[in-house]
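Colleague: using only what follows, build the 3D model:
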Amino acid sequence: MSHDALFQLGMDSVVLNTAQKEETVAPQPVLAVCEDKDHFIEKDGVLCAGSHLIVDLFEAERLDDLPYIQKTLVKCVEEAGATLLHIHLHPFEPNGGVSGVAVLAESHISIHSWPERGYAALDIFMCGDAKPELCIDVLRQAFVPGRMEVQELLRGRSA
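Modeller: Numbering: from 1, shown residues only. Reported below is the predicted structural model:
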């Protein structure tokens, strides 16, 4: 990408801090997907692409513990019956916040944390046979939030 293109995106002055260590999990092989199945689901009588959970954690713990966050995201994927393709997490200094995503064959789980405020924002979107709602208890047990808010959006709803 050219410098001009980066400038247009507002990224011309971005400087990466190479002292910050990022964590990744190697890509996993994925089984072939049946060509005739589009992985839309029916939920509560509604045909849709999938369930997208918007999760807010307040007064939560361990939001700066990158290996722990990675382990928790992997457990979410396993509990939901999803297929992990890749995890990428990035720590921020000086507050220790973490941003990252678990890329799934069924879509993704993302997190952005503010440990200094005890707050984390997560998006959990899954299609097909995966059950994103099973991630809620995993997150509750892992981060012990004083308060947790969950909203569900049914994405790609058929009219």
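Colleague: ok, residue 103 touching residue 86?
Modeller: Yes - contact criterion CB atoms under 8 Å: residue 103 and residue 86 qualify, at 4.6 Å. Backbone N, C-alpha and C define where each C-beta goes, glycine included.
Colleague: out of those two, which sits in the busier spot?
Modeller: Applying other CB atoms under 10 Å to residue 103 and residue 86 shows that residue 103 carries more neighbours, namely 17 against 14.
Colleague: contacting residues for the more buried one?
Modeller: 84, 85, 86, 87, 88 (CB atoms under 8 Å, 6 or more residues apart in numbering).
Colleague: residue 41 reaches residue 132, doesn't it?
Modeller: No - Residue 41 lies out of contact with residue 132 (CB under 8 Å); the separation is 10.6 Å.
Colleague: who's more crowded, the two?
Modeller: More neighbours surround residue 132 than the other of residue 41 and residue 132, with 26 against 19 (other CB under 10 Å).
Colleague: next one: that one, what pLDDT does it get?
Modeller: Listed pLDDT for residue 132 reads 97.
Colleague: also residue 6?
Modeller: 39.
Colleague: where in this protein is the helix or strand with the lowest mean pLDDT?
Modeller: helix 3-8 (a mean of 44; mean pLDDT, DSSP states H and E).
Colleague: so for the lengthiest helix in the chain, mean pLDDT?
Modeller: Looking across the chain with DSSP state H, the single longest helix is helix 66-80. In this model, helix 66-80 has a mean pLDDT of 98.
Colleague: SS state for the nearest residue to residue 64 once chain neighbours are set aside?
Modeller: Excluding its sequence neighbours, the residue lying closest to residue 64 (CB to CB, 6 or more residues apart in numbering) is residue 96, at 3.2 Å. Assigned with DSSP: H, G, I helix; E, B strand; the rest coil, residue 96 falls in the coil class.
Colleague: equivalent analysis for residue 39, please.
Modeller: coil.
Colleague: ok so, going back, just checking, what packs against the longest helix of the chain?
Modeller: strand 23-25, strand 84-91, strand 98-104, strand 107-114, strand 119-126, helix 135-143 (3 or more CB pairs under 8 Å, 6 or more residues apart in numbering; DSSP states H and E).
Colleague: select, out of those, the one closest to residue 154.
Modeller: strand 119-126 (10.7 Å; CB to CB).
Colleague: do me a favour and average the pLDDT over that closest one.
Modeller: 97.
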